[in-house]
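> Give me the fold of what follows.
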Amino acid sequence: MFATVLGEQRTETLADGTILRLNTESVAEVRITHRGREVTLRSGEAIFNVAKDASRPFVVSAGGGTVTAVGTEFQVRSVAGTVAVTLMTGRVQVARASRREVEWLNPGQQASFSQTGSGIVTRNVNVTALTSWMNGRLEFRGALLRDVVAEANRYSAKKIRIEDPSIGGLALSGSFRTGDTDRIVAALEAALPVRVQANGTEIVLHGR
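Alright, predicted model coming up:
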């Protein structure tokens, strides 16, 4: 089992040569034998650069679904009950056996589903922005404030909280270091109609 704590990132080379990159607060259980290659992502986010082996498909389980590949690179994120699979290179199959749903992804596509949702949703995404955490960055391009806050909070003990729900739909673009909460908050205050209130280890955002 491999795990990371708040703000930590970790890179491991698995027994088959696959490179596993774990993001903040992630847990992955790995089982590689001569018969198969299986990973269970218990929580968090990971990127897999899968070593090619046609005889042993590489299967990642997360949130009631599976991702199957032979040799490719993809990201799996399992946070707050939602799983998102983003493909960088190659091709992968995303499946939910309990619902008999299957989707195939091409590079630049993402499939997402939740345990309570009705189906797998696919869309085209900006892979560079979604995987920027590998370089210690958070890239936002027209992201909603509520999503910016949720993402920033994954990397820092100093949390941001939106007090006024009406500002959660404001959009922000920018590039920040992971864990640099102060810089992110300063950008929010400069670019958006929000007021910042520091309260101990918490930063509260109000509309203005």
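
> Give the bridge partners for S112, please.
For S112, the beta-bridge partners are A84, V121 (DSSP bridges).

> What's the local residue count around it?
Neighbour count of S112, defined by other Cβ atoms under 10 Å: 20. The way it works is simple: take the backbone N, C-alpha and C, and place the C-beta from them, glycine included.

> cool, E29 as well?
13.

> host element of it?
Using DSSP states H and E, E29 falls within strand 27-32.

> Tell me the strands beside whatever helix or strand comes next after that strand, with direction?
Next along the chain after strand 27-32, taking DSSP H and E as the criterion, comes strand 37-49. Strands that pair with strand 37-49, judged by DSSP bridges, come out as strand 19-22 (antiparallel), strand 27-32 (antiparallel), strand 58-62 (parallel), strand 73-79 (antiparallel).

> how about JSON lines for those strands, with distance to I203 added?
Output for the strands paired with strand 37-49, formatted as JSON lines (distance: least, Cβ to Cβ, whole Å):
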{"stretch": "strand 19-22", "distance to I203": "27"}
{"stretch": "strand 27-32", "distance to I203": "27"}
{"stretch": "strand 58-62", "distance to I203": "31"}
{"stretch": "strand 73-79", "distance to I203": "21"}
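
> In a markdown table, list those along with mean pLDDT and distance to K158.
Converted to a markdown table, the strands paired with strand 37-49 look like this (pLDDT from 0 to 100; distance: least, Cβ to Cβ, whole Å):
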| stretch | mean pLDDT | distance to K158 |
| --- | --- | --- |
| strand 19-22 | 98 | 22 |
| strand 27-32 | 98 | 23 |
| strand 58-62 | 97 | 28 |
| strand 73-79 | 96 | 19 |
